[in-house]
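S.K.: My questions concern the predicted model and sequence given below.
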Amino acid sequence: MRDDILLAMRKFVAPEFVFGNGALTLAGRQAAGLGVRHALLVADSGIMDFGWPQQVQESLDASGVETSLFTAFSSNPRDHEVMAGSHVFDDAGCDALVAVGGGSAMDCAKAIGIVSVNKRHIREFEGVDNVERPGPPLLCVPTTAGTGAEVSQFAIITDSERRVKIAIAGKTLIPDAALIDPETTVTMPGTLTAHTGLDALTHAMEAYVSNANSPMTDLLAREAIRLIAAHLLPAMRNPKDMQGRGGMLLASLYAGMAFSNAILGAVHAMSHSLGGLFDLPHGLCNAILMDHVARYNFSAAPERYADIGRLLGARFDAAAAPEEKKEAVLAAMRDFKRAAGVTMGLAEIGVGPEALAQLAHNALDDPCLLTNPRQPSQADIEAIYEDARHTNG
Ligand SMILES: [Fe+2]
């Protein structure tokens, strides 16, 4: 049988990247190639103990690139931290950014870059294509396998006054180059491996069912799901399993390119809302929500959800009734996230019923909702949050 090929126009953007052990050591050469003289090294303070930012700094030193270090930002980076970082950038006379860490370091560096060039408050860039001038050169070295920020056209920053996460999106947010080195991910603790890995899984699933998907993003999303199903649990069981680590980092890269171009959906809209109001880990919020949103979305993309279920190990007859397929797919998602240690509902992490109206209101404002295959109402989103407060099945 011939597949139906989507012939509607779609654009695909991705930065230059190097994938493989030792990629980190190319930082100096890459920066020098971009004409960089003094880089602001934006690094997660938590990984300083593992030495990855220092190794990047040594590589930059060896190529004659000066560095200043900035680590004063949270795991959900805040607007005032970005503004403080842009002052450090200006005061030190920096001309480029090098991010070393997870999504927080990379999003923070992207945000510092556009603030420093455009001289506006970070909150003013909220939305799509609101950045007039691109930031200075940006190199990204991810040390977690999940965020995809090293290849994406998004930065997510917390507006600390409104307690919402704002999405800043556009081609100007894409890094100039990403150095994607599996060796840097061996120092992730098990819980972070699980949460970031389930974030990558959510990126791939949401890109696959997105109403902006394309043949190119489908290819990447399916392969990302297959890799995550094969490699997440081994990487959690044995942190030094380089096949597991490499498989997960590759999956994160594929999922990152898929979602950067096909965009996301209701899981991310609802997860951003939770992260803004309660400052919770992003990957954990996605993992808790994923099957509850899939239950709501299923009827809008049944064949695509069936593909996701098969890739996660669900078994069902191709001729099975839609309801039977749906339950098999949802069970595969639940089994997988539970095997990765996510067994709780939102209630258990402090989300009470009184917060649901505000959470749903903020989620409805999130641009990720635009590409969700089904358009929910305020009441629909509240009901999904309520379901996700409790564990089920
Ligand atoms: Fe995410």
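M.R.: Arrived safely, thanks for sending.
S.K.: Name the residues that touch stretch 117-137?
M.R.: 31, 34-36, 79, 82-83, 94-97, 110-116, 157, 159, 166-173, 176, 367 (Cβ atoms under 8 Å, 6 or more residues apart in numbering). Backbone N, C-alpha and C define where each C-beta goes, glycine included.
S.K.: Mind giving me the PyMOL select for the residues you listed, buried ones only?
M.R.: Remark: buried members of the contacts of stretch 117-137, expressed as a PyMOL selection using 16 or more other Cβ atoms under 10 Å:
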select buried, resi 31+34+36+79+82+94+95+96+97+110+111+112+113+114+115+116+157+159+166+167+168+169+170+172+173+176+367
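S.K.: Among the contacts of stretch 117-137, which are located in helices?
M.R.: Judged by DSSP state H, helices contain the following of the contacts of stretch 117-137: 31, 79, 82-83, 110-116.
S.K.: Show me which of these is closest to residue 274.
M.R.: Proximity of the ones in helices among the contacts of stretch 117-137 to residue 274, judged by Cβ to Cβ, is greatest for residue 79, which lies at 18.2 Å.
S.K.: hang on, that closest one packs against residue 156?
M.R.: No: using Cβ atoms under 8 Å, residue 79 is not in contact with residue 156; the gap is 11.5 Å.
S.K.: just the strands in the stretch 1-150 of the chain please.
M.R.: Using DSSP state E, counting those that start in this stretch, the strands of the stretch 1-150 of the chain run over 16-19, 38-43, 66-70, 96-101, 127-128, 138-142.
S.K.: Point out the one among those strands that comes closest to residue 347.
M.R.: Comparison of the strands of the stretch 1-150 of the chain against residue 347 by Cβ to Cβ identifies strand 96-101 as nearest, at 30.7 Å.
S.K.: between the closest one and strand 138-142, how many degrees?
M.R.: 10 degrees (axes from the mean of the first three to the mean of the last three Cα atoms, to 10 degrees).
S.K.: Okay, now the unreliable bits of this protein?
M.R.: Filtered on pLDDT under 70, the chain yields the residue ranges 1, 392-393.
S.K.: and the spatially most central residue of it, what is it in contact with?
M.R.: Central residue of the chain (Cα atoms, centre = their mean): residue 147, 3.1 Å from the mean position. Contacts of residue 147 were listed using Cβ under 8 Å, 6+ apart, and they are 102-103, 106, 196, 199-200, 252, 256.
S.K.: Out of these, the closest to residue 9 would be?
M.R.: Residue 9 lies nearest to residue 256 out of the contacts of residue 147, by Cβ to Cβ, at 22.2 Å.
S.K.: Doesn't the closest one belong to a helix?
M.R.: Yes: the assignment for residue 256 by DSSP: H, G, I helix; E, B strand; the rest coil puts it in a helix.
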